[in-house]
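Q: Pasted the sequence and its predicted model underneath.
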Amino acid sequence: MSRLDQPETVSAVAETDNGAAPLREVLGVRLKQLRARSGKSLREAGRLAKLSPQFISLVERGQTEIGLSRLVRLTDAYDANIADVLADIRGPEVEYVPAGEGLVAPRSKSDPKVVYLTSPSWRFQPFKQEIPAGATLDSLSHAGEEFIHCIAGTITMTVNGQEWRLRPGDTIVVPPRAQHSYRNESDTLAVAVGAVAPPNRGRLISDDQGESS
């Protein structure tokens, strides 16, 4: 087992902040709500997500950013997914999302850009992934099924130790709990669309529940 991730320094966050503090604060509040709803302590959440309790506490207080792979692990520890903490959960009406208005997942400089294309109220969560040349996204595992369809460039995916190379038009389906990663070993941007189906599609955070004490 790898060592627990350590808290990122505030100074390191400031270098890549670009006005992201309000998003960090909202994200922190929702992560704390999810943890309270799941009944997990900071220590238990840290054990499940392989993150230090100190780091989770900093994230919940909006005092540090969290990279994409860490956020996947943390939300999965609460039987949720990233989109559940990024947007208000809407009703089952038709949802139209104009180009450029998707929800960008929190990320560090080296992370691929993941844009969630709808609110998290649906039975699956569609997203677009932009992987710059040389970028990687490692150590992903979550409870829901996922599919990826490559639309530009070349994406090398490793799923449970087996490697596939996706080119435009190729699709791969990842089973629940499979360890998987993405790599772009080329010198051009790679782009994929896909969707993840979390195990629970009920309201994870609602206005009338509030935060557990």
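A: In hand now; what should we look at?
Q: now the helices for the protein?
A: 10-15, 21-38, 42-49, 53-60, 68-77 (DSSP state H).
Q: now those in a markdown table, with distance to Ala197?
A: Just so you know, the C-beta spots here come from the backbone N, C-alpha and C atoms, and that holds for glycine as well. Converted to a markdown table, these look like this (distance: least, Cβ to Cβ, whole Å):
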| stretch | distance to Ala197 |
| --- | --- |
| helix 10-15 | 32 |
| helix 21-38 | 18 |
| helix 42-49 | 20 |
| helix 53-60 | 25 |
| helix 68-77 | 13 |
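Q: Determine which stretch of the ones you listed is the most buried.
A: helix 68-77 (a mean of 22; mean count of other Cβ atoms under 10 Å).
Q: and the angle for it with helix 21-38?
A: Here helix 68-77 runs at an angle of 30 degrees relative to helix 21-38 (axes from the mean of the first three to the mean of the last three Cα atoms, to 10 degrees).
Q: Does anything pack onto helix 68-77? Which helices or strands?
A: Contacts defined by 3 or more Cβ pairs under 8 Å, 6 or more residues apart in numbering; DSSP states H and E place helix 68-77 against helix 21-38, helix 42-49, strand 136-140.
Q: Please repeat the previous calculation with a cut-off of 10 Å.
A: Judged by 3 or more Cβ pairs under 10 Å, 6 or more residues apart in numbering; DSSP states H and E, the packing partners of helix 68-77 are helix 21-38, helix 42-49, helix 53-60, strand 113-116, strand 136-140.
Q: Worst mean pLDDT among the helices of the chain?
A: Lowest mean pLDDT within the helices of the chain: helix 10-15, a mean of 30.
Q: Show me the beta-bridge partners of the residue nearest to Leu137 when sequence neighbours are not counted.
A: Leaving aside its sequence neighbours, Leu137 sits nearest to Tyr182 (Cβ to Cβ, 6 or more residues apart in numbering; 4.5 Å). Per DSSP bridges, residues listed as beta-bridge partners of Tyr182: Leu137, Met157.
Q: how many neighbours does Tyr182 have?
A: 20 (other Cβ atoms under 10 Å).
Q: again, but for Glu101
A: Other residues near Glu101 come to 9 when the count uses other Cβ under 10 Å.
Q: for it, phi and psi?
A: phi -110, psi 20 (degrees, to the nearest 10).
Q: just Pro175 next, same as before
A: Main-chain dihedrals, Pro175, degrees, to the nearest 10: phi -70, psi 160.
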